[in-house]
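>>> Just need the structure, nothing else, for what follows:
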Amino acid sequence: MIKLEKSVWGYIILVMLATYLVQILAIINGGQEYEYFQLFIAVSMFFPCIGAIIYLVKNKISLKYIDWKPRTFWYLLLSFLVPIIITLLGRLLFEKIGWGINNEYLISNNKVVDIDLPLLLGNEDQSISFFWSNFFISMIVINLINSVLAFGEEVGWRGFLQKKLLEQNSLLKSIIFLGLIWGFWHFPLILSGFNYPEYPILGAFILFPLNTIFISSFLALLTIKSKSVWPAVFAHGGINGVMSLLFEMDFGTHKLQANLGILGIWMIIGIISYIFLAKGYKNTNA
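Next up, the predicted model:
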């Protein structure tokens, strides 16, 4: 049983309802074909942050309750590297086992050709070493751009709600519950086929919430160990931005296997994160 103050439950309910309203309005106006679809979704991503700030001000709690200061360089570095590494390893793995085809570039005669990626230093034919440098630099910038929107979610989820959960609940309960809240916060969008168009019900009820639980474990490691919300912001930005390249592979008839594979990758990362986080973690809550 999750323990929370009534006012925090109120925060969760209001943020969910406000977001559902915006998502449903976007869906009934045409979904992804609606000209203002991206704007609607971008605005809703700031609801967790806005709700958290309103809660803190209303209850006369200092805004310093959210750990704003960037503190530990290594966790910031980890927040940038993990989404990029997952994307690269996932693409290599899916190609190796025949689940996906890479249509974004081709390596031929020690050069990278036919590049169809948003690379800052150009996408003309280039050497392999230059391509990977170009790729990493470009992905870091994409992380930063997507982190602007991820900021709105992470201030509310990891910066505020995670801390509230940990005040009265165990580490494991807090991570799982927050992962579920975060997952089902996207519910109307996922059910409409946004992430899993071939199997929206499976995606909305099982695949997406499981992913967000394991990702929440990784983001909890970043925020709790660094004592800062920023690593989670940048990691979330990378997941939204860089990892889209993984989903853009041509999976053909292996779309479900690929999505289960991505879930498996996050499961491994989430479990490892929890083990590292739980070791020496002091929490007397049940």
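
>>> Please count neighbours and contacts with C-alpha atoms only from this point.
Will do.

>>> give me the number of residues near Gly98?
A total of 11 residues lie near Gly98 under the criterion other C-alpha atoms under 10 Å.

>>> And for Tyr274?
Neighbours of Tyr274 (other C-alpha under 10 Å): 21.

>>> got a list of what it touches?
For Tyr274, the contacting residues are 217-218, 221, by C-alpha atoms under 8 Å, 6 or more residues apart in numbering.

>>> Buried residues, the helix or strand Ile275 falls within. List them.
Ile275 is part of helix 255-278, with elements assigned from DSSP states H and E. The neighbour-count check on helix 255-278 (16 or more other C-alpha atoms under 10 Å) flags 255-256, 258-259, 261-263, 265-267, 269-270, 272-274, 277 as buried.

>>> With stretch 195-214 instead?
So stretch 195-214, judged by 16+ other C-alpha under 10 Å, has buried residues 196, 199-201, 203-204, 207-214.

>>> Off-centre distance for it?
13 Å (C-alpha atoms, centre = their mean, to the nearest Å).

>>> Check stretch 44-56 too.
18 Å.

>>> avg pLDDT for that stretch?
Averaging pLDDT along stretch 44-56 yields 97.

>>> Give me the pLDDT value at Thr284.
Reported pLDDT for Thr284: 49.

>>> what do you get for Gln32?
Value for Gln32, per-residue pLDDT: 88.

>>> Quickly note the distance from the residue lying farthest from the centre of the chain to Asp125.
The C-alpha centroid of the chain is most remote from Asn109, which lies 36.4 Å away (C-alpha atoms, centre = their mean). Noted for Asn109: a distance of 11 Å to Asp125, by C-alpha to C-alpha, to the nearest Å.

>>> Same question for Met249.
Met249 is 20 Å from Asp125, by C-alpha to C-alpha.

>>> So for the two, which sits in the more crowded spot?
Met249 (19 against 16).

>>> Got the phi and psi for that one?
phi -60, psi 160 (degrees, to the nearest 10).

>>> same deal with Val112?
phi -100, psi 120.

>>> And for Gln126?
According to degrees, to the nearest 10, Gln126 has phi -150, psi 160.

>>> Quickly list what it is bridged to.
Val112 (DSSP bridges).

>>> Might one say that it is in contact with Asp114?
No. Counting by C-alpha atoms under 8 Å, Gln126 does not reach Asp114; the two are 9.8 Å apart.

>>> Of the two, which one has the most company?
Gln126 (18 against 15).

>>> Show me where the stretch 101-250 of the chain dips below the pLDDT cut-off.
For the stretch 101-250 of the chain, not a single residue meets the criterion pLDDT under 70.

>>> The same query, at a cut-off of 80, please.
Within the stretch 101-250 of the chain, the ranges that satisfy pLDDT under 80 run 248.

>>> Would you map the helices across it?
128-154, 162-168, 171-185, 187-191, 200-202, 208-226, 230-241, 244-247 (DSSP state H, counting those that start in this stretch).
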